[in-house]
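[1] prediction below, plus the sequence it came from.
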Number of protein chains: 2
Amino acid sequence: MKEKIGIGIVGFGNLGRGAALAVQKCGDLELKAIFTRRDPEALAGQAGGVQFYHVDQAEDFAETIDVLILCGGSATDLPAQSPFFARRFNIVDSFDTHAKIPEHFDAVHRSALENRKTAAISIGWDPGLFSLNRMIAEAILPEGREYTFWGPGVSQGHSEAIRRVPGVKGGVQYTIPVQGALEKVRTGETPLLTAAEKHIRECYVVAEKGADQEKIAAAIKSMPHYFAGYETRVTFISEEELKAKHSGMPHGGFVIRSGRTGAPGAEHNQVMEFSLKLQSNPQFTASVLAAYARAVFRLNREGHYGAKTIFDIPPAYISMRSVEELRRMLL
Amino acid sequence: MKEKIGIGIVGFGNLGRGAALAVQKCGDLELKAIFTRRDPEALAGQAGGVQFYHVDQAEDFAETIDVLILCGGSATDLPAQSPFFARRFNIVDSFDTHAKIPEHFDAVHRSALENRKTAAISIGWDPGLFSLNRMIAEAILPEGREYTFWGPGVSQGHSEAIRRVPGVKGGVQYTIPVQGALEKVRTGETPLLTAAEKHIRECYVVAEKGADQEKIAAAIKSMPHYFAGYETRVTFISEEELKAKHSGMPHGGFVIRSGRTGAPGAEHNQVMEFSLKLQSNPQFTASVLAAYARAVFRLNREGHYGAKTIFDIPPAYISMRSVEELRRMLL
């Protein structure tokens, strides 16, 4: 029997929990330990038989863990953790602050390269699979236009923005693609669309007792960057309904490239589309991380050190199958 | 200015014509020559200013052509041409006889490796982009089921089968995905579906004068492998209508993986979908070949010799952009 790839997880929020489940679904990966900043004792038993340790103990596992999956947030956790852990471990992270990716890449790359480790950064679905599809579609159809629609799904950032409005006790925001815009793009048209023309913002809000609902709705709808300029719908619901119907974390979206091939005057429309419909956003993102943990292990074993993105990694490296089997069965 | 990648094309049927147009849309590729088995003089002027040569002259261009795009058929052309040309050139082909891919790979691999050349085989959309999506989706959602639906689009094989029926003067067959089956899979259900349950076969047929249409329709519908067992619709039309309305080569399809993540008893459906809607099948396939010609050139320059499939090639290699730019703009 082939030895399994030893996996560690850092962070046990929604993403970390999803990663534990995803790793356990892969016959070639073995979850060795979960590292947390909380009290490890308090989490015992929450991931089957897997042991929890304090994050400071991670370095003791450098010999038994082949790849560390980092499940912290992009705002403060990963900018510090990824370069730090890449000195001792091969890592995968889901760093998703688009504007800071080049900087994050450089920091992780230096740290991994110096220590002959391999690090896959910004893995997930956006950045991640959506980026990959944008890239491939552009390379194949250089003449054309790309559209990303997000949703239907919960936006954590917008939900938090709602919850900061005075008088709001709880709330959730669903980003919903505008069906008419989606259909237009799919027919091969290439309209210029703003984010607001592509998305509706649907809010379910629980108001504090006695709060002025009209005032709350107006405050949400006029909030700059988040809601102003968008078609925003605000519905007030009870706390019970919020809990019962809106505690899931569905998400998804569409990456569409509408391009043209052929001689001028005799052109053909060509439409490429990739979409996700996810009942659990964190569990899906975690499943992508688990697959790329496998790739990172193999890249490292073959001497490919430093930071990598989804663009750099040969797709076969994420598959449990051998290349011979892939050619025979999936090509 | 960076020197352009020199491209040659072998074969000037629908795919070869598409390749000439695709290469001309890429600022970093330069079409140097087109090789044909026909009389080169007779084709002069059919690809802008590009020169035609007899296929036997190709070897004279080993110094100026960086990558040869092979646009022959999979039945007899490519099994001979790909290993042959891989001795002198980096090549890309669209070999699509699924069952013979391992054998074709081995033959091309030996030939390319011995001569320090790089060869991408079975590039296009199926095999090609569809295979890539099947592979990625399976790696990410190991628990689940994969569905490929083809169409709506013209199947050359089925159209030829119709034209072999006695009394048939001309005809075309459209493969059409069964909408109900598509929708069912998209909701996260995982039914077992046969090819016949996923597709309708729509035939437009021109009968010879005086031929028995009922007999023709019955012969088509009962043809084993091609139509028997499928919902097959036969409509008789005039030769003029066939020419006016059915001479395009649209195609496309859907690769859907419906998977599950999470703990037993608390699972979530996760649906990944990739689809193509193509007004011109050969022009799109040719555009994929052009992008992978770029990748083959780069792989060869970096010393990666032998045969490769879409699974082996890091996605960034097909892009005109640098990796820094990709990280900054598309990740």
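    Sure thing, it's come through. Everything quoted here is computed from the prediction, not taken from an experiment.
[2] which ones are touching the residue nearest to the spatial centre of chain A?
    Closest to where the C-alpha atoms of chain A average out (CA atoms, centre = their mean) is residue A:124, at 3.7 Å. The neighbours of residue A:124, taking CB atoms under 8 Å, 6 or more residues apart in numbering or on different chains as the test, are A:94, A:96, A:285, A:288-289. The way it works is simple: take the backbone N, C-alpha and C, and place the C-beta from them, glycine included.
[3] let's see 10 Å
    Residue A:124 makes contact with A:15, A:92-96, A:130-131, A:281-282, A:284-289, A:292, A:310, according to CB atoms under 10 Å, 6 or more residues apart in numbering or on different chains.
[4] swap in residue A:263?
    B:17, B:20-21, B:24, B:47-48, B:283.
[5] can you rerun that using 8 Å?
    residue B:21.
[6] element containing it?
    Assigned by DSSP states H and E, residue A:263 belongs to neither a helix nor a strand.
[7] could you do residue A:81 as well?
    Going by DSSP H and E, residue A:81 is in helix A:77-85.
[8] do that helix and chain B meet?
    No: using CB under 8 Å from any CB of the partner chain, helix A:77-85 never reaches chain B; the gap is at least 14.5 Å.
[9] helices or strands up against that helix?
    Judged by 3 or more CB pairs under 8 Å, 6 or more residues apart in numbering or on different chains; DSSP states H and E, helix A:77-85 is in contact with strand A:67-70, helix A:101-114.
[10] which residue ranges form the helices in the stretch 1-150 of chain A?
    Under the criterion DSSP state H, counting those that start in this stretch, the stretch 1-150 of chain A carries helices at the ranges A:14-24, A:40-43, A:77-85, A:101-114, A:129-140.
[11] between the first one and helix B:129-140, how many degrees?
    Between the direction of helix A:14-24 and that of helix B:129-140, the angle (axes from the mean of the first three to the mean of the last three CA atoms, to 10 degrees) works out to 100 degrees.
[12] got the residues of the stretch 101-250 of chain A near chain B?
    A:101-102, A:105, A:122, A:127, A:129, A:131-136, A:138-143, A:186, A:188.
[13] 10 Å instead?
    A:101-102, A:104-106, A:121-122, A:125-143, A:146, A:186-188, A:248-250 (CB under 10 Å from any CB of the partner chain).
[14] got a quick ChimeraX command for the buried subset of those residues?
    Paste this into ChimeraX to select the buried members of these, with burial taken from 16 or more other CB atoms under 10 Å in any protein chain shown:
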select /A:101,104,105,121,122,125,126,127,128,129,130,131,132,133,134,135,136,137,138,139,140,141,142,146,186,188,249,250
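[15] low pLDDT regions in chain A?
    A:1-2 (pLDDT under 70).
[16] remind me, longest helix of it?
    For chain A, the helix with the greatest residue count under DSSP state H is helix A:281-301.
[17] tally of neighbours for the residue nearest to residue A:58 when sequence neighbours are not counted?
    Take residue A:58 and drop its neighbours on the chain: the residue closest to it by CB to CB, 6 or more residues apart in numbering or on different chains is residue A:35, 4.8 Å away. Using other CB atoms under 10 Å in any protein chain shown, residue A:35 has 26 other residues around it.
[18] is residue A:35 in a bridge, and if so with what?
    Beta-bridge partners recorded for residue A:35 (DSSP bridges): residue A:10, residue A:53.
[19] how much space separates it from chain B?
    According to CB to the nearest CB, to the nearest Å, residue A:35 and chain B sit 21 Å apart.
[20] list the contacts of that residue.
    With CB under 10 Å, 6+ apart, residue A:35 has these contacts: A:8-12, A:16, A:51-59, A:61, A:65, A:68, A:70-71, A:85.
[21] list buried residues within the residues you listed.
    A:8-12, A:16, A:52-53, A:55, A:58, A:61, A:65, A:68, A:70-71, A:85.
[22] ok, which pair from those is furthest apart?
    A:52 and A:85 (17.1 Å; CB to CB).
[23] quick revisit: select, out of the helices of the stretch 1-150 of chain A, the one closest to residue B:242.
    When those are compared (using CB to CB), the closest one is helix A:129-140, at 30.9 Å.
[24] how far out from the middle of the chain is that closest one?
    From the chain centre to the centre of helix A:129-140 is a distance of 16 Å (CA atoms, centre = their mean, to the nearest Å).
[25] point out the other helices and strands that that helix packs with.
    strand A:144-150, strand A:251-261, strand A:268-278, helix A:281-301, helix B:129-140, strand B:268-278, helix B:281-301, helix B:323-329 (3 or more CB pairs under 10 Å, 6 or more residues apart in numbering or on different chains; DSSP states H and E).
[26] one more time with 6 Å, if that's ok
    strand A:251-261, helix B:281-301 (3 or more CB pairs under 6 Å, 6 or more residues apart in numbering or on different chains; DSSP states H and E).
[27] for the residue with the largest distance to the centre of chain A, give its distance to residue B:21.
    Taking CA atoms, centre = their mean, the residue of chain A most remote from its mean C-alpha position is residue A:265, at 41.1 Å. With the distance defined as CB to CB, to the nearest Å, residue A:265 ends up 12 Å from residue B:21.
[28] so which strand or helix has residue A:244?
    Using DSSP H and E, residue A:244 falls within helix A:239-245.
[29] now what about that helix, what contacts it?
    The contact list for helix A:239-245 (CB atoms under 6 Å, 6 or more residues apart in numbering or on different chains) reads A:170, A:206.
[30] CA atoms only for it, dumped as PDB, please.
    This file holds the C-alpha atoms of helix A:239-245, laid out as PDB (Å, rounded to 0.1, in the frame of the first residue of the first chain):
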ATOM      1  CA  GLU A 239     -34.900  36.300  14.600                       C
ATOM      2  CA  GLU A 240     -36.400  32.800  14.500                       C
ATOM      3  CA  GLU A 241     -36.800  33.000  10.700                       C
ATOM      4  CA  LEU A 242     -33.300  34.300  10.200                       C
ATOM      5  CA  LYS A 243     -31.900  31.300  12.200                       C
ATOM      6  CA  ALA A 244     -34.200  28.700  10.600                       C
ATOM      7  CA  LYS A 245     -33.900  29.800   6.900                       C
END
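[31] quick check: buried residues in it?
    residue A:242.
[32] what about that helix, distance to the chain center?
    The answer for helix A:239-245 is 26 Å, by CA atoms, centre = their mean.
[33] about what we covered before: and the residue farthest from the centre of chain A, helix, strand or coil?
    coil (DSSP: H, G, I helix; E, B strand; the rest coil).
[34] distance check, it against residue B:50.
    18 Å.
[35] also residue A:232?
    Distance from residue A:232 to residue B:50, by CB to CB: 54 Å.
[36] what do you get for residue A:36?
    For residue A:36, the distance to residue B:50 equals 63 Å [CB to CB].
[37] same question, residue A:182
    The value you get for residue A:182 to residue B:50, if CB to CB is used, is 39 Å.
[38] if I pick residue A:246, what's in contact with it?
    Counting by CB under 6 Å, 6+ apart, residue A:246 has contacts A:172, A:204.
[39] the one 4 residues further on now?
    For residue A:250, the contact set (CB under 6 Å, 6+ apart) comprises A:153, A:279.
[40] got a list of what residue A:62 touches?
    Applying CB under 6 Å, 6+ apart to residue A:62 gives the contacts residue A:88.
[41] which SSE is immediately downstream of the helix or strand in which residue A:220 is found?
    Per DSSP H and E, residue A:220 falls inside helix A:213-221. Reading on from helix A:213-221 to the C-terminus, the next helix or strand found by DSSP H and E is strand A:231-236.
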